[in-house]
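> The following block contains a protein sequence and its predicted model.
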Amino acid sequence: MKALVTGGTGFLGGALVRRLHGMGWDVTALGRNPLRLNELEDEGIRPLRLDITKKDDVFAACENQEVVFHCAALPSPWGNYEKFYQANVIGTRNVVQACMENGVKRLVHVSTPSIYFDYNSRMGVKENDPLPEPISAYAATKLLAEEEVNKGFEKGLAVVSIRPRALFGEGDTVIFPRLLSRLKSGRLPILGDGENIVDLTYIQNVVDALLLCAESPSNTLGKKYNISNGEPVKIWELVNRICDELNLPRPTRRISYKTANAAAAAIEFVYSLIPYSPEPPLTRLTINMLAHSTTLDISAAKEELGYQPRVSVEEGVVRFLKWWRQQT
């Protein structure tokens, strides 16, 4: 099978191209990080340095591909809206149109459950639940990206989308590393009552879901599927576990959600006045992720895709910590 993976130098895309290569697929990793592309090439994976906002380049990349996995995105909690729009909306539009023009058999699109969440706890969210106003440029542009995918489906494109929640594991560059950075500096207080629960998803379980989408039956086409480990955890118990494993002090200072959110809003305002608007050390999005409960209903993925999380959160944390120790 011949496949193209956009975002092949990212956390999810990199894990996917390595799995596909190990399965004997003829896979091309598309990305913009030259160092990561060189690493993949050393492993025998075909690299392609390309910006998905460049329409003609994307069209050429999709030529003769059977399956395209669209993992590329700008996922930051902060940044210029236009940059998010170019990466997430224009990039997806180019991929969708390139797949249609080149007769790609299946597009597998990676969306996000960030489109579900507002500044409140939400439990057991289903794919067809009413959507709130997006709380970030990332969520807003990923929702628009889904509209581009919908347009492609209406024109006959065979496409399946997933919305994976809070990816972690070996190679993570976002969730756990940011958490560990704050823990090491002693700048992470317990936010809210410390009892909130969240869904996480081990990276290889998401790769499993992508592979299922590539060969799923026709009744799945055009649909979006929630993906998680399906075993919500108390986030602050997990933080304490990581602290103990890495000999870091546990957070003890407590700050109410209201106070923390107000502080983050003030910090965001100050940073928005700085030229080039660098990412603040604390954002309302981060506060809400750590203070509220957020879980997904993954029954549709189980029933229609045959998805079953093979690696538990416990085992995933063990694997991540082993990898993390090797990096430090």
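Yep, that arrived.
> what ranges do the helices span in the stretch 101-250 of the chain?
Assigned by DSSP state H, counting those that start in this stretch, the helices in the stretch 101-250 of the chain fall at 137-154, 175-185, 203-214, 235-245.
> State the mean pLDDT of stretch 208-223.
Averaged across stretch 208-223, the pLDDT comes to 98.
> try stretch 178-196
The model assigns stretch 178-196 a mean pLDDT of 86.
> Stretch 290-304 now?
On average, stretch 290-304 scores 95.
> cool, stretch 28-43 as well?
What stretch 28-43 shows for mean pLDDT is 95.
> Send over that stretch as PDB, restricted to the C-alpha atoms.
Output in PDB follows, covering the C-alpha atoms of stretch 28-43 (Å, rounded to 0.1, in the frame of the first residue of the first chain):
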ATOM      1  CA  THR A  28       6.300   9.200   2.300                       C
ATOM      2  CA  ALA A  29       6.700  11.500   5.300                       C
ATOM      3  CA  LEU A  30       5.800  15.100   4.400                       C
ATOM      4  CA  GLY A  31       7.000  17.800   6.800                       C
ATOM      5  CA  ARG A  32       8.900  21.000   7.300                       C
ATOM      6  CA  ASN A  33      11.400  19.900  10.000                       C
ATOM      7  CA  PRO A  34      14.700  19.100   8.100                       C
ATOM      8  CA  LEU A  35      16.300  17.400  11.100                       C
ATOM      9  CA  ARG A  36      13.300  15.100  11.700                       C
ATOM     10  CA  LEU A  37      13.100  14.400   8.000                       C
ATOM     11  CA  ASN A  38      16.800  13.400   8.000                       C
ATOM     12  CA  GLU A  39      16.200  11.000  10.900                       C
ATOM     13  CA  LEU A  40      13.300   9.400   9.100                       C
ATOM     14  CA  GLU A  41      15.400   9.000   5.900                       C
ATOM     15  CA  ASP A  42      18.100   7.300   8.000                       C
ATOM     16  CA  GLU A  43      15.400   4.800   9.000                       C
END
